[in-house]
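> A predicted structure for the sequence below; I have some questions about it.
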Amino acid sequence: MAAAAGRAWIHPRDLALAEAGLLGGFAAAALAGRGTAALPATAGLFGGTGRANRLLQAEADHLPDGTTLLQGLALARALRRLATLASWDPLASLEAATTMLQALEGETATPLQLRPAPFATWRREILVAPRSGGEPTLLAAAGAAANWMASEILDGCDPNPAQALLFAAAVVRRRKRLRAIPLPFWAMPPGGRPAVLPFGDPAVWFAAFLGRVAAAATEGAAELRRLRDAEVTVARLTTSGRQDLLPFAAAAALRAPAVTARGLASQLGMTPQGALLLLKRLQAAGILREVTGRRSFRAYAIN
């Protein structure tokens, strides 16, 4: 699960649907008692439709609006870039950090200005090479996030949690101590509710950060098992001939949080109608399920 900022929380599958243009407004729908329609994956963790709508309505003031949604998508893209592009280092310089932070704010946002001296001090402190028996990487990442929120580096505006958490991930990647970038803020147990991230309280922040690392690891392991089970089921599928694209459609679905007929058609070089037939065959086989609850402009995910 993803927290784009303080209590602005959204399931990553809903982020994927939003990126595909398949979701409407969040807070307005929640206030109107239609939160499950606007946030189907998020609402699914809150129980039945009635209970989910009530909980989302109660949290409407903290749900992502359009601006926060765009920031959440930008954060997810930046984290993906960190994980896949070794040459990209947002901590390399003041200019690199400014460019990264501006991407989180959006193209139309007021240009951010960073104060050079405070930034240099903060950067020097968080990038101290770990010594034998020194600070572990995850604690260094947690400290970088907390210190960013407490800093006065930004000129004319306050720092936000999305910035801090991305810097934390950048610290982990730069130290080259882990094979993957942990996303501790992408974890909330089923039935849980969004909570304010305690950046301003050093007494509890480090424990909260490490707790979310553990929760993310647990959720990630469960998700990996689920995908591997689905992969075994896909391997058993019988196809109608050598030119059948069903296995390729299944492989595409295994590698995406949600897939649409149009997106699949683009990947496989076929018509959207043909792609939709493949998706429906995978749904009938119990591999995929529809995740928007709509009758048109639908999306599918691994069951």
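Thanks, I have the structure now.
> quick one: contacts for Q102?
109, 111-112 (CB atoms under 8 Å, 6 or more residues apart in numbering). Backbone N, C-alpha and C define where each C-beta goes, glycine included.
> Now the buried members of these.
Buried subset of the contacts of Q102 (neighbour count, 16 or more other CB atoms under 10 Å): L112.
> Would you mind giving the contacts of Q102 as CSV with distance to A92 added?
Below are those laid out as CSV (distance: CB to CB, whole Å):
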residue, distance to A92
A109, 22
P111, 20
L112, 17
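> how about the contacts of Q102 in a markdown table, adding distance to P202, pLDDT and secondary structure?
Output for the contacts of Q102, formatted as a markdown table (distance: CB to CB, whole Å; pLDDT from 0 to 100; DSSP: H, G, I helix; E, B strand; the rest coil):
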| residue | distance to P202 | pLDDT | secondary structure |
| --- | --- | --- | --- |
| A109 | 30 | 72 | coil |
| P111 | 31 | 88 | coil |
| L112 | 26 | 90 | coil |
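> out of the contacts of Q102, who's nearest E223?
A109 (32.9 Å; CB to CB).
> Would you mind measuring from the residue lying closest to the closest one once chain neighbours are set aside to L154?
Setting aside the residues directly before and after it, A109 is nearest to Q102 in space (CB to CB, 6 or more residues apart in numbering), at 7.1 Å. Distance, Q102 to L154, using CB to CB, to the nearest Å: 11 Å.
> ok, now V213?
26 Å.
> now swap in A74 and tell me
Taking CB to CB, one finds A74 at 17 Å from L154.
> Then A265?
From A265 to L154 the distance is 43 Å (CB to CB).
> still on that earlier bit, name the element the residue nearest to A109 belongs to?
helix 94-105 (DSSP states H and E).
> circling back: let me know the pLDDT of the residue nearest to A109.
Looking at Q102, its pLDDT reads 88.
> Next: the one 4 residues further on.
G106 carries a pLDDT score of 72 in this model.
> sorry, back to before: list residues touching both of Q102 and L154?
Joint contacts of Q102 and L154 (CB under 8 Å, 6+ apart) are L112.
> ok, longest helix in the chain?
Assignment by DSSP state H gives helix 202-235 as the longest helix of the chain.
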